[in-house]
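# Curious how this folds, go ahead:
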Amino acid sequence: MHDLDAELWKLGVSAKTKHNEVAPAQHELAPVFATTNIATDHNQLTMEIMKKVADRHGLACLLHEKPFAGVNGSGKHNNWSISTNDGKNLLDPGTTPSDNAQFLIFLVAVIKAIDEYADLLRFSVATAGNDHRLGANEAPPAIMSIFLGDELTNVIEQIETGVVKNNGTSRTLEIGVSTLPVLPKDTTDRNRTSPFAFTGNKFEFRSVGSSQSIATPNFIINTIVAETLSQIADRLEKAEDFNAEVNAVVKEIIKNHKRIIFNGNNYSEEWVAEAERRGLPNLKTTVDAIPALVAEKNIKVLEKHGVLNRAEIFSRYEICLENYIKTIRIEALTMIEMANRQILPASLAYVRKVTDTVASLNAAGADSSAAKGKLDKLVSLTSSLQAAIDQLGVKLEEVDAHEGDLLEHARTYKDVIIPLMGEMRSFADKLETLVDASLWPIPTYGDLLFGVI
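Numbers count the residues shown, from 1 in each chain. You can find the predicted model right below:
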């Protein structure tokens, strides 16, 4: 128990970082931020090397979160824990009452942070590419929740009630006096649907997109956990009865923030309804999530800990919106160019080829119904694709001619341009299944998945 007061004193108050720099050495959380920065650098270098190696071999390394419809997306599992400057993991449950108390304080600090700042955490993984992935195949949803596993959830419930039940008997549980059951060290694979999962002695944030830097998710997690630790430390430092106050703090946080804990299937529609009932935010898209950055409570926590000031926050807000708009605009213009210069010519060439086949069969007095049926489908889809190209081009010009407010501009891209892109893509995908492979100008799904190039 004696370690808890010291660790909270060292770790609860002074979590500060500025412009992604390591906090000053006198702050005990400096090692945490230093480790975060090193991990961010390593991850960024890894992505850069992957691209360079692919380029040397005449390939392209796609870091896009979901470049192919109907195929699983790609993200990052960002493993996060908090340790002292001498390497002591503060999220390790341990086997003694004092270890348990320390672990529980830091565990509930994370639970409180994720619940109170779920919108800010969602913002940290908001990108145009990640919108295709979150809530789709093999990816956690946009709703932030925490997976603790059955054993730890059971312990949390027992702490809230103050009663431990075993084999029909019960006893009073007091944190710092009782010892928790031994918890499995590796629960990594027990719920792959959770966005923020406890995996033995760390948390795994699974919503991070494959193309993005891990800097933003990590400085957000560091900041919000530092805030809740600061609040807990302030309270414990004033306590007359330290043990009693630890019990009270842990129970209170569990009671007030247990809504964020969910061990079930995050992919299910039932969870979406349940999360809404619990009052959890469901920021489905990047455009929905970006405004969270400038919510007053989020500005206050980032300013309080010296991470970003108000001007820097609003600057980042505008940059994020501009990046979203530019990304979608580039993708839409690329689609139009590919369709006009590659897919339409291939489709028209095959229409001509099938037309000649129908004419030849008719001239020979043979049955041309099958070829005629295919020709009708090709003509219909080609016409639909051309109409979709024209409509998307017109809408792009209209949207960009009336930019107005950045947020409204981004919403128009989300609500108008993206659906048109999806419709246009559907016609091209159908044509891919009909046009002669020798005429199709880009790799097909079969080529990509099975290497038949």
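# Give me the buried positions along stretch 348-355.
The neighbour-count check on stretch 348-355 (16 or more other Cβ atoms under 10 Å) flags L348, Y350, V351, V354 as buried. Every residue, glycine included, has its C-beta placed from N, CA and C.
# Ok, stretch 82-94 next?
By neighbour count on 16+ other Cβ under 10 Å, the buried set for stretch 82-94 is I82, S83, T84, L90, L91, D92, P93, G94.
# Which pair of the residues you listed spans the longest distance?
The span of those, defined through Cβ to Cβ, is set by T84 and P93 at 16.0 Å.
# Can you tell me how far A244 is from N78?
Distance, A244 to N78, by Cβ to Cβ, to the nearest Å: 36 Å.
# So if I had to pick from the two, which one is more boxed in?
Neighbours per residue, other Cβ atoms under 10 Å: of A244 and N78, the larger number sits with N78, 22 against 13.
# give me the element that one is part of.
If you go by DSSP states H and E, N78 is part of strand 75-80.
# swap in V246?
V246 belongs to helix 242-257 when assigned by DSSP H and E.
# list the buried ones in that helix?
Going by neighbour count (16+ other Cβ under 10 Å), the buried part of helix 242-257 is E245, V246, N247, V249, V250, K251, I253, I254, H257.
# packing partners for that helix?
helix 97-116, helix 150-161, helix 215-237 (3 or more Cβ pairs under 8 Å, 6 or more residues apart in numbering; DSSP states H and E).
# Helix or strand for the nearest residue to L392 once chain neighbours are set aside, just tell me which one.
Nearest non-adjacent residue to L392, counting by Cβ to Cβ, 6 or more residues apart in numbering: L420, 4.7 Å away. Applying DSSP H and E as the criterion places L420 in helix 418-432.
# Name the residues of the lengthiest helix in the chain that are buried.
When the chain is parsed with DSSP state H, its longest helix is helix 369-401. With burial defined by 16+ other Cβ under 10 Å, the residues of helix 369-401 counted as buried are 371, 374-375, 378, 381-382, 384-386, 388-389, 392, 395-396, 399.
# Surely I253 and V110 touch.
No. Applying Cβ atoms under 8 Å as the test, I253 and V110 come out as separate, 10.0 Å apart.
# In the protein, where is pLDDT below threshold?
Residue ranges of the chain with pLDDT under 70: 1-35, 97-98, 135-140, 164-173, 176-177, 179-190, 403, 452-453.
# Grab the most central residue of it for me.
Centrality entry for the chain: nearest residue to the mean C-alpha point is S207, 2.4 Å, by Cα atoms, centre = their mean.
# could you list every residue that touches that one?
G75, R122, V125, N130, L134, A139, P140, M144, P195, F196, P217 (Cβ atoms under 8 Å, 6 or more residues apart in numbering).
# Tell me which residues are up against stretch 258-269.
For stretch 258-269, using Cβ under 8 Å, 6+ apart, the contacting residues are 111, 114-115, 118, 135, 140-141, 143-150, 153, 156, 160, 191, 193-195, 270-271, 274-275, 278-280.
# Apply 7 Å and report the result again.
Stretch 258-269 is contacted from outside by 111, 114-115, 140-141, 145-150, 153, 191, 193-195, 271, 278-280, using Cβ atoms under 7 Å, 6 or more residues apart in numbering.
# can you check stretch 305-324 too?
15-18, 128, 219, 223, 226-227, 286-287, 290, 293-294, 299, 302-303, 406-407, 410.
# filter the contacts of stretch 258-269 to the buried ones?
By neighbour count, with 16+ other Cβ under 10 Å, the contacts of stretch 258-269 hold 111, 114-115, 140-141, 145-149, 153, 191, 193-195, 271, 278, 280 as buried.
# So which of these sit within helices?
I111, I114, D115, T153, W271, R278.
# Surely L91 and I105 touch.
No. Using Cβ atoms under 7 Å, L91 makes no contact with I105, being 10.5 Å away.
# give me phi/psi at the nearest residue to S145 once chain neighbours are set aside?
Among residues not flanking S145 along the chain, F262 sits closest, at 4.2 Å (Cβ to Cβ, 6+ apart). Main-chain dihedrals, F262, degrees, to the nearest 10: phi -150, psi 120.
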